[in-house]
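A.B. asks: whatever this is, show me its structure:
(chains A and B)
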Number of protein chains: 2
Amino acid sequence: MLKRLVVGRPFRSDRLQHTLLPKRIALPVFASDALSSVAYAPDEILLTLSVAGGAAVVFSPWIALAVAVVMITVVASYRQNVHAYPSGGGDYEVTTVNLGRKFGLAVGSALMVDYVLTVAVSTSSGIANIGSAIPFISTHKVVIAVVCVLVLTAANLRGLKESGTAFAIPTYAFMVAILGMVGVGLFRIFVLGQDVRAESAGFGLKAEHSYTGFAFFFLLLRGFSSGSAALTGVEAISNGVPAFKKPKSRNAATTLLLLGVLAITMLVGIVMLSRLTGVKIVDDPATQLTGAPANYEQKTVTAQLAHAVFAGFTPGFYVVAAVTAIILLLAANTAFNGFPVLGSILAQDRFLPRQLHTRGDRLAYSNGILFLAAFAIVLIVAFEANPTHLIQLYIVGVFVSFTLSQTGMLRHWNRLLRTERDPAVRRRMIRSRAINGFGACLTAIVLVIVLVTKFLAGAWIAIAAMAVIYALMVGIRKHYDRVARELVPPDERGVLPARNHAVVLVSQLHLPTLRAVQYARATRPDTLTAVTVNVDEADTRRLQNEWEERELPVPLTVIDSPFREITRPIIGYVQNLRRASPRDVVTVFIPEYVVGKWWEHLLHNQSALRIKARLLFEPGVMVTSVPWQLASTENKNLTRYDRRLKRGVVRGPQPGGTDGTEPGSADDLVLRK
Amino acid sequence: MLKRLVVGRPFRSDRLQHTLLPKRIALPVFASDALSSVAYAPDEILLTLSVAGGAAVVFSPWIALAVAVVMITVVASYRQNVHAYPSGGGDYEVTTVNLGRKFGLAVGSALMVDYVLTVAVSTSSGIANIGSAIPFISTHKVVIAVVCVLVLTAANLRGLKESGTAFAIPTYAFMVAILGMVGVGLFRIFVLGQDVRAESAGFGLKAEHSYTGFAFFFLLLRGFSSGSAALTGVEAISNGVPAFKKPKSRNAATTLLLLGVLAITMLVGIVMLSRLTGVKIVDDPATQLTGAPANYEQKTVTAQLAHAVFAGFTPGFYVVAAVTAIILLLAANTAFNGFPVLGSILAQDRFLPRQLHTRGDRLAYSNGILFLAAFAIVLIVAFEANPTHLIQLYIVGVFVSFTLSQTGMLRHWNRLLRTERDPAVRRRMIRSRAINGFGACLTAIVLVIVLVTKFLAGAWIAIAAMAVIYALMVGIRKHYDRVARELVPPDERGVLPARNHAVVLVSQLHLPTLRAVQYARATRPDTLTAVTVNVDEADTRRLQNEWEERELPVPLTVIDSPFREITRPIIGYVQNLRRASPRDVVTVFIPEYVVGKWWEHLLHNQSALRIKARLLFEPGVMVTSVPWQLASTENKNLTRYDRRLKRGVVRGPQPGGTDGTEPGSADDLVLRK
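C.D. replies: Prediction:
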């Protein structure tokens, strides 16, 4: 019932179809993750540099430019991916094909960690942004962030498929808002010559200790690492090529270029403007800021800028905060699309449990969605929804997959060049190879910088998580392979068992027992015995007498059980039978009565269940339940549909009609030969 | 493993035998409960009266005498029970036989509530007594009381059977200690003329408000009710008659008399002595005592008396505290004998779940023991191990069963007198009837007094609990009766099913599937079909192709499942088969592979389990598991004994030898025809 309320009515499998997206819709759908990162990357740059006081913050525009260079390189590289692998397999496919399964798995684990962090970071950052406008949200940020994740989970379990326009409006609104804010700000400063000052412009920065020489350089590198968070999500388009309108690859490449230009413009614009307006952002306002009021609540960079630029026009400030929060939640939502699909691909390759490959009621990969949500919530709670602390874990995974994917592309071009003879095609390939090669080198360098500067700050957690996931996936694959090897059917048809020994378990002489005996006889076994375990001498004697009085055509064997156990003597008896004739089969018939209400279970021994479970471990033993339904089960063997039918809530399906969308209705049962 | 450590190795059923007890051992075994109540009854009398200041406490010896009169009556009455019902069925049997099932059940529920309270009250009081000597115990009383109950539980689960001497020593020590203390005290006061003063003799009592007229009389009645706690446990001997040496009834009656004399002497002695030494006991020392030091820790009456009487001789004080605590724990232990036996009798009469009638590994009724312990712990924690508060619940149940049992005896004698003609026997019967009649009246009056004076103080909880247990037992009996009626076998042998339709469920074509198909063919059904559910179109097509390639002699039917469910389409298919030929039987063969390690379950769909569970509710459908054991189960199908055998830890059983005390050894398997 609760499940139906949250998830809704199930969908038929044939509702699964893809609508192709034009560029103007594809951009917002795939770009929300990448674009939204400009909402927190500038904060991270400024915040990292501010520990050295004012001296390092001066370099923030240069760091933004460095990030922009990496962004250009990555965009250029992925444009090659999009052309070479239009199937949408993404980094996992590219790496597996070109560098082999091990590196593919490494990318897989990196991406899984990444998706979880995307949800955690984007949600936390979204809450921080809207919290800059509404203090209540800021004080309850953990709870509200968790609620947001739960809402996204429910929406995705329901099979949120209306992504197109739902994504387009807020994403375009975000672009307009941010670019408009930057534009208005620059216009006011340079054209109108006004003095636009952020609320934190007057505060001083207290340096923790003086950074000189190498330490200062290391700090700049850390700032650069933090700023690289702006690159997360760029690879999304390369996974989505099949969703584009034709020519797919070309449209995807163009969209990617557009995304790069927009992201760079916004990032550099925000960092420039925050320098011009004197924005100060620190990790701990209470100790690092001088001149701030006692109860100063630090706002995000975008919030401070909006406040300063739209000074005197509050709606402007609220709009920027709102659209920023919304696009960040959309970014979190992209992980809800990406993770389950990746999980299902990995499950299909038998690296993850098969359950991740089954579609739920609404055709979504429900198990993957639930996994993602659970891990993201753990992170949000553990890091108290603090985006700055979460980001320390974030960037490693992104750059692991960037580097490996680009290296894979290098191999890809090398392989193709070995056979390609057409000079024009070769030229194009060599150019692509150069781009991917440069991309591989640059992202590798960034990866090293990130590792060195962030390892102790939190990156080690992400790396440990990747290692665990990697080991888990290898282990799961090994298990599945072993099982598959064991289950390969031999070439011959298999022989019929030599003889079949039937054993009917008896505790009392009642209807279920009689029925089991009759049914066992009907299967015409080679031998047939009724067996009872003697736990209570008096009961057993009574049973024996009743058995004789009825003159049943089956002998009753009594097994003694000096320790009053039931399961073990039966197992022993069956094992003895098997030992006597190993090529034969033993069939154990267990009469059970089935009760309908949960509390009725408490009133009956569950020995049948235990015996059945234990007998499954005996080779060459078949276990047959002969159930007897008590009156209390009467309603149980009706489906919910049948019950509603009975009550007259729904009308019965028309013979031959096909309008039955209710599961379990008779016309679902189409038989084919 | 943990279970073995706590409970020990199982016992063989033939170890169950009764040793008969001589009177000198029977007295301590059955009397510890009744005697131990003199450890708290005087406290309760004084404490209840002290709310009216000093004026009411003066009456405490008279109240003790009134309790003694009731005690004499009850003892005299039960001496008649013992002669009339030597079978040891106790109050439940007497009431059921003479007043019918309903009153019998009322006594049953009263006794069950009582046993739980015996454990809670005795343990709490024991802790309070030893806590008077050791302050550490007094500050951690709840935890320590719970630990005591757990230790008693473990001991009883192990089948604590050495009760005879283990009970005799502390019980006799308690008698000697209490009677010695009273004797020494009276000797010092009246013979030596010394001034023996309790530590609380100098304190004043603050009256809460003045009690006059009826209120004062009501207070005295409340004191009497509290003092009646001394009567709990008197009925124990009437349950234990079969354990006495011959002549059983006579010995039991004599022991009962002895018990009565001892209990009355001790009770009256303690109350007298506490009046003479000026003992003050109140519910809340901080508000009700004047002149007491700020951090005054109130001791129990026995502790105060021991302190005063043995002044200057500390070992005396500690010995009294220790033996009092020990006999109270022994009293708690008697409930661990009584409750499970009562539960097993009620379970045999099908008023309680059958599980209460099965003996555990060590021949004890383990489930009853666990129930008792759980409820007692709940009470101890809820009432913070405060005996005064627990006693408010206690006495109702005792007097309900006293009154009903004595009324039952009245009927018993009336019935016998209707047929008896021998004048000597008739005279004896009339005398017994008079005694039981007087007993019934007096205990009924006390029951009314207890109900009136204690209802709001806590007795309502006990009454509510009895009502709930009563209703539960009636419901359980109704359920068992209904099931039994449904399962009565008809007079004819039952007919063989007309035809048998076999259905083999197939998901993939692997070894387990092939084996299930071959096995199904071997049972020679009338029709045989393999059935697969089409969840994934591609998988289904692959399966169909493989099926054709193998040229299996069984047709493969595909059921469509537009909502990707597995269970429901199969149920629908089976229901259709049944509908087509209702007199036939459908056998569903489910190939399953069995994994050995718990985590392996996570990696495989549990659909087989779900389908099996659901099919049990379909009438006329047999469910056969065709298990395939994977290599990881290898060690699972060995019993612990087999594994030890393999490792050479135990030697194999000698052929024909009978020394195998290890469960599961081959010679447990004695077959009889």
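A.B. asks: going forward, measure contacts and count neighbours with C-alpha atoms only.
C.D. replies: Will do.
A.B. asks: what about the helices in the stretch 401-550 of chain A?
C.D. replies: Assigned by DSSP state H, counting those that start in this stretch, the stretch 401-550 of chain A shows helices spanning A:423-454, A:460-487, A:511-522, A:537-550.
A.B. asks: what residues of the last one count as buried?
C.D. replies: Along helix A:537-550, these residues count as buried under the neighbour rule (16 or more other CA atoms under 10 Å in any protein chain shown): A:540, A:543, A:544, A:547.
A.B. asks: so which of these is the closest to residue A:71?
C.D. replies: Checking the buried residues of helix A:537-550 against residue A:71 with CA to CA, the nearest one is residue A:540 at 82.4 Å.
A.B. asks: the closest one against residue A:531, yeah?
C.D. replies: No. Using CA atoms under 8 Å as the test, residue A:540 is too far from residue A:531 to be in contact (11.1 Å).
A.B. asks: the closest residue to chain B within chain A: neighbour count?
C.D. replies: Residue nearest to chain B within chain A (CA to the nearest CA): residue A:624, separated by 4.0 Å. Neighbourhood size, residue A:624 [other CA atoms under 10 Å in any protein chain shown]: 24.
A.B. asks: so it makes contact with residue A:586?
C.D. replies: No. Checked against CA under 8 Å, the pair residue A:624 and residue A:586 is beyond contact range at 10.6 Å.
A.B. asks: for the stretch 1-150 of chain A, give me the ranges with low pLDDT.
C.D. replies: A:1-8, A:12-19, A:89 (pLDDT under 70).
A.B. asks: again, only this time at 50
C.D. replies: By pLDDT under 50, the stretch 1-150 of chain A has no low-scoring segment.
A.B. asks: could you pull out the helices for it?
C.D. replies: Assigned by DSSP H, counting those that start in this stretch, the helices in the stretch 1-150 of chain A fall at A:2-7, A:23-36, A:41-49, A:54-57, A:60-84, A:90-99, A:101-133, A:135-139, A:141-157.
A.B. asks: let me see the domain layout of chain A.
C.D. replies: A:26-86+A:117-384, A:500-653 (automatic domain parsing).
A.B. asks: right, so the ones you listed: which one is the most enclosed?
C.D. replies: Highest mean neighbour count of these: domain A:26-86+A:117-384, a mean of 21 (counted as mean count of other CA atoms under 10 Å in any protein chain shown).
A.B. asks: start to end distance for stretch A:284-294?
C.D. replies: 13 Å (CA to CA, to the nearest Å).
A.B. asks: so which of the helices of the stretch 1-150 of chain A is nearest residue B:611?
C.D. replies: helix A:2-7 (20.3 Å).
A.B. asks: could you export the helices of the stretch 1-150 of chain A as TSV, including distance to residue B:402?
C.D. replies: Formatted as TSV, these follow (distance: least, CA to CA, whole Å):
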stretch	distance to residue B:402
helix A:2-7	52
helix A:23-36	79
helix A:41-49	80
helix A:54-57	90
helix A:60-84	90
helix A:90-99	80
helix A:101-133	68
helix A:135-139	64
helix A:141-157	59
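A.B. asks: let me have those in JSON lines, extended by distance to chain B.
C.D. replies: Formatted as JSON lines, those follow (distance: least, CA to the nearest CA, whole Å):
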{"stretch": "helix A:2-7", "distance to chain B": "14"}
{"stretch": "helix A:23-36", "distance to chain B": "28"}
{"stretch": "helix A:41-49", "distance to chain B": "40"}
{"stretch": "helix A:54-57", "distance to chain B": "51"}
{"stretch": "helix A:60-84", "distance to chain B": "27"}
{"stretch": "helix A:90-99", "distance to chain B": "21"}
{"stretch": "helix A:101-133", "distance to chain B": "18"}
{"stretch": "helix A:135-139", "distance to chain B": "38"}
{"stretch": "helix A:141-157", "distance to chain B": "15"}
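A.B. asks: looking at those helices, which is nearest to residue A:309?
C.D. replies: helix A:101-133 (15.1 Å).
A.B. asks: thinking again about what came up before, mean pLDDT and distance to residue B:383 added to the helices of the stretch 401-550 of chain A, as a markdown table?
C.D. replies: A markdown table is the format used below for these (pLDDT from 0 to 100; distance: least, CA to CA, whole Å):
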| stretch | mean pLDDT | distance to residue B:383 |
| --- | --- | --- |
| helix A:423-454 | 92 | 56 |
| helix A:460-487 | 91 | 48 |
| helix A:511-522 | 88 | 48 |
| helix A:537-550 | 89 | 43 |
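A.B. asks: for those, give me JSON lines that also has distance to chain B.
C.D. replies: Below are the helices of the stretch 401-550 of chain A laid out as JSON lines (distance: least, CA to the nearest CA, whole Å):
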{"stretch": "helix A:423-454", "distance to chain B": "34"}
{"stretch": "helix A:460-487", "distance to chain B": "5"}
{"stretch": "helix A:511-522", "distance to chain B": "5"}
{"stretch": "helix A:537-550", "distance to chain B": "8"}
